[in-house]
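Q: my questions concern the predicted model and sequence given below.
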There are 2 protein chains.
Amino acid sequence: MPQNGIVSIIDQRKLPWAFECIDLKSCAEVAESIRDMAVRGAGCIGATAGYGMALAAGEADSWEGLETRAAHLIATRPTAVNLAWAVNRQLNRLKKVPHQAWVDVARTEAEKMAHEDAAACEQIGKHGLELLREISQRKADGVVNVLTHCNAGWLAFVDHGSATAPIYAAKAAGLKVHVWVDETRPRSQGARLTAWELSQAGVPHTVIPDNAGGHLMQHGLVDIVITGADRVTRQGDAANKIGTYLKALAARDNGVPFYVALPSSTFDWNLSDGVTEIEIEQRDGAEVAWVDGPDAKGVLRNVRMTPEGSPVANYGFDVTPSRLLTGLITERGIFPAEESALAAAFSDVVPLSVQ
Amino acid sequence: MPQNGIVSIIDQRKLPWAFECIDLKSCAEVAESIRDMAVRGAGCIGATAGYGMALAAGEADSWEGLETRAAHLIATRPTAVNLAWAVNRQLNRLKKVPHQAWVDVARTEAEKMAHEDAAACEQIGKHGLELLREISQRKADGVVNVLTHCNAGWLAFVDHGSATAPIYAAKAAGLKVHVWVDETRPRSQGARLTAWELSQAGVPHTVIPDNAGGHLMQHGLVDIVITGADRVTRQGDAANKIGTYLKALAARDNGVPFYVALPSSTFDWNLSDGVTEIEIEQRDGAEVAWVDGPDAKGVLRNVRMTPEGSPVANYGFDVTPSRLLTGLITERGIFPAEESALAAAFSDVVPLSVQ
C-alpha cells in the first residue's frame, strides 16, 4: 500500500483469461473484494485484510467505528481464519496507540504481516522440499508426482504459496516434479489458478477432474498429496476447499502420504474438533450453476452447468480429520497432526486461554 | 426398431438444453453414437448395441463381415461390459441360424434384450425400495436422503434405470425422498441428465459439485448412496463413472450404506480383481477442457474450463473395491459383494469356464 492509501490487488476472478488489477480505496471495497473472491487464499486474504484495517484506521473517527469495520471485514468469509487473525492483530496493535497514530501503525503492521507471510511460505518450501527430495531419490525415474487441490500457490499468499512452495523449491533445486491439478469445482481454482501459476513457472502438470484422484492413487500415479488449509484446529483437523477430505480418504486407502501446508497464522488454537466446530461457509448456488470461460474465438461467455429447475448447494469447505493427515508442513518444520506436538512446537503463540 | 431398419435414440449430449432424437441407419452409425456418448449408460448402450447388431445382420454378407462389425461395436467403449455382453449374445444367437434368417432373429433378440433390461430395472426398483422404506421408517421426518453419482436413470437404461429405480419406486410408494445429485464432471451426467430426469418426475433433489459428498456424509445429511455400474467382477468390484470410489470411501468412513444397482448383464464373470483387471477408458481431454451450456439468452455456447497451455487427463471410470460396498441391488435381490454369494445367486448365468 503506497502513501496514497490505495491497496492494489490482482483480480483472481479474471484469471487465467485476463490479468487485471483492482485498486481498493476503502475498507468497504476491501471487504467486498474478499467476499466476492477477487482476493482469495488464506495468506492473501489475511494480508489484504491487514491493509483493509489500515484503510479503516484512516476512516474511523472512533474505536467503535474501527471495531464496526473490523467486524464487517471478518464477516465476509467465515471459514478462513487468517482473515480474523489479521484483523484482530491490527485491533490489538491499535488499541495501544493514540488515534492520530492509527494510520501509520496499521500500515506498518500490515506490511509486517505481509512480509511474515512471504517468509513463512519460503520456510514451508524449504521443509517440504526435503519430502519431495526423499521421494525422488527412491524412484527409478526420479519424477515426483504431487497431487494438489484448489490453489494454495503464490496467488493465495503474498509469495511462494503454501502447498506449492515445496513444488517451486523442488523445481529450483533441479528435481523432476509433475503436479496433478484438481480442477476444484465449483470455482475451478485448480484449473484456473494453480494450472496457470505452474505454467508460468514451467512446472509440468496435468489438470484432472476432481473425481480422478482416487483412481490415480489406486494405480500408483500419485507419490504425495499436498494441500493448503483455511483453518486448522489445535488437534490438527484441517478445513480446506471442499473435496480435500475425499482426497485424504483416498490417500489413506492407498498408502499415499497426505500433507497440509500452512503458515502458523492459519491455526485456530481455540478450536479442537474441526468437523463439529469449524463453521463451513455456504456460498451462492450460482457459482455451481454457472461457469465463465472464453469461447473458441476468445470471447468470454457465462454458461449454465445445471438445469434451471434444479436447486443447487454450494458448501465452500470441508474438514479433513487429523487422523488422515501424515503431517503438517509449517514455517517451523513438519509436525504430526497431534495436539501435543503442535502445542510444543508453537507454545509461544498458543493463547494462554487454551494452554 | 421398426421394420424400416432405423434405430431412433435420444441424443443425450443435447440434454437438458434440447430434447432431440437421432435416427441411426447403420451399424457404423450406432457405433459412432456410442463412442461419442449420444447414447450412454450401461443398459442403454447394451440395448442400442443389440439393435446395432440387427443392422449389422442386414449389412453383412458373411460371418466374417458380421464379426468385423461386432468387433467395431465392442471397441467403442472398453469399460462398459453391457456392450460386449449384448454384441456377443447376438453373435451366439446368429451363429446357430442361416444367413437369410439373421435380420429377423437379430431384431427379435434385440427386442428381447431391451425388454429384459426394462424388467430387470423394475425388479431392482422393487428390491431397492425396501432399503429406502426401512430408512424412512426410522427417521423422525421420514425423509430419505439418497446420494447418487453420474446417471443410472431411465436415460441410461431402457426404462426405470438402475440406481434411480428404487428412487422412482419410493416416490410411487409415497415415501419422502430427496436426492443429492453429484454434478459428475467432466461430462456432467448428474447435473445434466439425472437432475433433468428427477425434475421431470417431480422428485426433490439438489445438484452438488462432486467435491461435496464427503462433507454431507460427515454431517449426517446422506442416508444411503446408490450408484450404477459399468462392469462388476465376480468378486463384486464395481467399475463406475470416475469419482464413485471417492464416495464409497466417504460412505465407509461415515457409516453410510453404499449400494451399487445393476442388472445381471453388467457382471463380468471372467474378471476377479477389478482394480487391476478392468480396463479403464481414457477419453479426449477436450471433454475436461471445454464445457457447453446456454448463456443468459439461451444461446448454446462452448467455453474453456482450463488454460490453453495446460495438459488434461480424462479417465472415464474408477473401480470401487467390493470391501467398500454394503451390497449389490440386482433384479434377483440384494446380495453382499462377495464371490460366493454372487456365484450362488447367479449360478445359472455364470459361464462354465469360470465355475
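A: Now that the structure is in, tell me what you want to look at. Numbers count the residues shown, from 1 in each chain, chains lettered A, B, ... in the order given.
Q: pLDDT score for A:Leu352?
A: You'll see A:Leu352 listed with a pLDDT of 78.
Q: what about it, neighbour count?
A: Look at A:Leu352: counted by other C-beta atoms under 10 Å in any protein chain shown, it has 5 neighbours. The way it works is simple: take the backbone N, C-alpha and C, and place the C-beta from them, glycine included.
Q: contact partners for the residue in the stretch 1-150 of chain A positioned nearest to chain B?
A: Closest approach between the stretch 1-150 of chain A and chain B, counting by C-beta to the nearest C-beta: A:Pro16, at 4.5 Å. Residues in contact with A:Pro16, defined by C-beta atoms under 8 Å, 6 or more residues apart in numbering or on different chains, are A:Arg192, A:Leu193, A:Ala195, A:Trp196, B:Pro307.
Q: repeat the analysis, applying 7 Å as the threshold.
A: A:Pro16 makes contact with A:Arg192, A:Trp196, B:Pro307, according to C-beta atoms under 7 Å, 6 or more residues apart in numbering or on different chains.
Q: again with A:Leu325
A: Neighbouring residues of A:Leu325 by C-beta under 7 Å, 6+ apart: A:Gly236, A:Ala238, A:Ala248, A:Phe258, A:Val260, A:Ala337.
Q: okay if I get the residues you listed as a markdown table plus secondary structure?
A: Compiled in a markdown table, the contacts of A:Leu325 are given as follows (DSSP: H, G, I helix; E, B strand; the rest coil):
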| residue | secondary structure |
| --- | --- |
| A:Gly236 | coil |
| A:Ala238 | strand |
| A:Ala248 | helix |
| A:Phe258 | strand |
| A:Val260 | strand |
| A:Ala337 | coil |
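Q: can you pull the residues of the stretch 51-200 of chain A lying near chain B?
A: For the stretch 51-200 of chain A, the contact set with chain B under C-beta under 7 Å from any C-beta of the partner chain comprises A:Glu183, A:Arg185, A:Pro186, A:Ser188, A:Ala191, A:Ala195, A:Trp196, A:Ser199.
Q: on that earlier part again, can you tell me which of the contacts of A:Pro16 has the most neighbours?
A: Of all the contacts of A:Pro16, the most densely surrounded is A:Arg192 (29 neighbours; neighbours counted as other C-beta under 10 Å).
Q: top helix in chain A by residue count?
A: In chain A, assigned by DSSP state H, the helix with the most residues is helix A:102-138.
Q: now the strands for the stretch 51-200 of chain A?
A: A:143-148, A:176-182 (DSSP state E, counting those that start in this stretch).
Q: mean pLDDT and mean neighbour count added to the ones you listed, as TSV?
A: Below are the strands of the stretch 51-200 of chain A laid out as TSV (pLDDT from 0 to 100; neighbours: other C-beta atoms under 10 Å in any protein chain shown):
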stretch	mean pLDDT	mean neighbour count
strand A:143-148	98	24
strand A:176-182	98	24
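Q: of all those strands, which lies closest to A:Ala169?
A: strand A:176-182 (9.7 Å; C-beta to C-beta).
Q: outside of the following helix or strand past the closest one, which residues touch it?
A: The first helix or strand that comes after strand A:176-182 along the chain, using DSSP states H and E, is helix A:189. Here helix A:189 makes contact (C-beta under 7 Å, 6+ apart) with A:Cys150, A:Asn151.
Q: coming back round to it: kindly reformat the residues of the stretch 51-200 of chain A next to chain B as JSON lines and extend each row with distance to B:Leu300 and pLDDT.
A: Putting these into JSON lines (distance: C-beta to C-beta, whole Å; pLDDT from 0 to 100) gives the following:
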{"residue": "A:Glu183", "distance to B:Leu300": "22", "pLDDT": "98"}
{"residue": "A:Arg185", "distance to B:Leu300": "21", "pLDDT": "98"}
{"residue": "A:Pro186", "distance to B:Leu300": "21", "pLDDT": "98"}
{"residue": "A:Ser188", "distance to B:Leu300": "20", "pLDDT": "97"}
{"residue": "A:Ala191", "distance to B:Leu300": "22", "pLDDT": "97"}
{"residue": "A:Ala195", "distance to B:Leu300": "26", "pLDDT": "97"}
{"residue": "A:Trp196", "distance to B:Leu300": "27", "pLDDT": "96"}
{"residue": "A:Ser199", "distance to B:Leu300": "29", "pLDDT": "97"}
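Q: would you mind listing the two of the residues you listed that lie farthest apart?
A: Greatest spacing in these, by C-beta to C-beta: A:Pro186 and A:Ser199 (22.0 Å).
Q: which one of these two is surrounded by more residues?
A: A:Pro186 (28 against 17).
Q: check which helices and strands the helix or strand of chain A with the lowest mean pLDDT is in contact with.
A: The weakest-scoring helix or strand in chain A, judged by mean pLDDT, DSSP states H and E, is strand A:7-10 (a mean of 94). In terms of contacts (3 or more C-beta pairs under 7 Å, 6 or more residues apart in numbering or on different chains; DSSP states H and E), strand A:7-10 is packed against strand A:21-24, helix A:42-59.
Q: after the shortest one, next one along is what?
A: Past strand A:21-24, heading to the C-terminal end, the next element that is a helix or strand (DSSP H and E) is helix A:27-35.
Q: flag every buried residue along that next one.
A: A:Cys27, A:Ala28, A:Glu29, A:Val30, A:Ala31, A:Ser33, A:Ile34 (16 or more other C-beta atoms under 10 Å in any protein chain shown).
Q: ok, now stretch A:275-288?
A: Result for stretch A:275-288 [16+ other C-beta under 10 Å]: buried residues A:Val275, A:Ile278, A:Ile280, A:Glu281, A:Arg283, A:Gly285, A:Glu287, A:Val288.
Q: wait, isn't A:Ala345 in contact with A:Ile334?
A: No - with contact defined as C-beta atoms under 7 Å, A:Ala345 does not reach A:Ile334; the gap is 9.9 Å.
Q: ok now the longest helix of chain A, how far from the chain's centre?
A: 13 Å (C-alpha atoms, centre = their mean, to the nearest Å).
Q: ditto for stretch A:47-58
A: 19 Å.
Q: repeat for stretch A:330-346
A: For stretch A:330-346 - counting by C-alpha atoms, centre = their mean - the centre lies 19 Å from the chain centre.
Q: buried residues in that stretch, which are they?
A: For stretch A:330-346, by 16+ other C-beta under 10 Å, it's A:Thr330, A:Glu331, A:Arg332, A:Ile334, A:Phe335, A:Ala337, A:Glu338, A:Leu342, A:Ala345, A:Phe346.
Q: adding distance to chain B, secondary structure and pLDDT, write these out as CSV.
A: Below are those laid out as CSV (distance: C-beta to the nearest C-beta, whole Å; DSSP: H, G, I helix; E, B strand; the rest coil; pLDDT from 0 to 100):
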residue, distance to chain B, secondary structure, pLDDT
A:Thr330, 25, strand, 98
A:Glu331, 28, coil, 97
A:Arg332, 30, coil, 98
A:Ile334, 25, strand, 98
A:Phe335, 24, strand, 98
A:Ala337, 16, coil, 98
A:Glu338, 19, coil, 98
A:Leu342, 22, helix, 98
A:Ala345, 27, helix, 97
A:Phe346, 26, coil, 97
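Q: farthest-separated two in those residues?
A: A:Glu331 and A:Glu338 (18.4 Å).
Q: quick one: low-confidence parts of chain A?
A: Scanning chain A for pLDDT under 70 picks out the ranges A:1-4, A:355.
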